[in-house]
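>>> structure for the following, please:
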Amino acid sequence: MRITDLDTQEYDQYYARYINKLSPELDLREGFQVGKKTAIQFFETIPLDKQEYRYEKEKWSIKEIFQHLIDTERVFMNRCFRIARNDKTSLAGFDQNIYIEPSGANNKTMDSLINEFNIVRQSSIVFLESVNNSHLECIGTANGGNMSARAAAFTIIGHEIWHMDIIKERYL
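Numbering: from 1, shown residues only. Next up, the predicted model:
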């Protein structure tokens, strides 16, 4: 299943900023494997003195961004799972900003964040390997708009790239 299989009607246009980060030839399942290695390698290289750096006072630190990626993967894989299982319940959005403070990201080590990411990502990979393509094509409602299970999954990969690009541009 490739990004070119997606129809723009399968997701709210807000998510296009993330989906458009992906190569048209990207295979969904392979993208999760490659993204796992890429993200871990990237966050392993963040110097200790930059891990809690903010380029502006109200912006998140690099550790908080990493926690945000982990939390967002949890939320979007839940959407992917429920939609792929043909759950027609309208799925709520989430306020990403209220998740940061209780996450305690800046009190965690980078190694613990990498471990948490690795476990969450492995769970996502196992699910994606267990579900067939026709179920990933199912469309439900999330945050008030259409979302297919595969669009939720592709969004995770693009979202990760989006934030790593921001870290490179504004933090390092």
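>>> next one: the nearest residue to Ser23 once chain neighbours are set aside, what pLDDT does it get?
Among residues not flanking Ser23 along the chain, Ile3 sits closest, at 7.0 Å (CB to CB, 6 or more residues apart in numbering). Bear in mind the C-beta positions are built from the backbone N, C-alpha and C, glycine included. Listed pLDDT for Ile3 reads 90.
>>> do a quick rundown of the helices in this structure.
Ranges of helices in the chain, per DSSP state H, are 16-19, 28-44, 62-84, 96-103, 110-130, 133-136, 149-170.
>>> these: which one's closest to Ala142?
Proximity to Ala142 (CB to CB) singles out helix 62-84 among the helices of the chain, at 4.9 Å.
>>> which parts of the closest one are buried?
62-73, 75-77, 79-84 (16 or more other CB atoms under 10 Å).
>>> rewinding a little: list the contacts of the residue nearest to Ser23.
By CB atoms under 8 Å, 6 or more residues apart in numbering, the residues touching Ile3 are 19, 22-26, 28, 154.
>>> list only buried entries from these.
So, by 16+ other CB under 10 Å, the buried ones in these are 19, 22, 26, 28, 154.
>>> how about the first one: what's its closest non-neighbour residue?
In this case it means Ile19. Nearest non-adjacent residue to Ile19, counting by CB to CB, 6+ apart: Gly158, 5.1 Å away.
>>> please look at that neighbour and Lys21 and confirm they touch.
Yes - counting by CB atoms under 8 Å, Gly158 does reach Lys21; the two are 4.2 Å apart.
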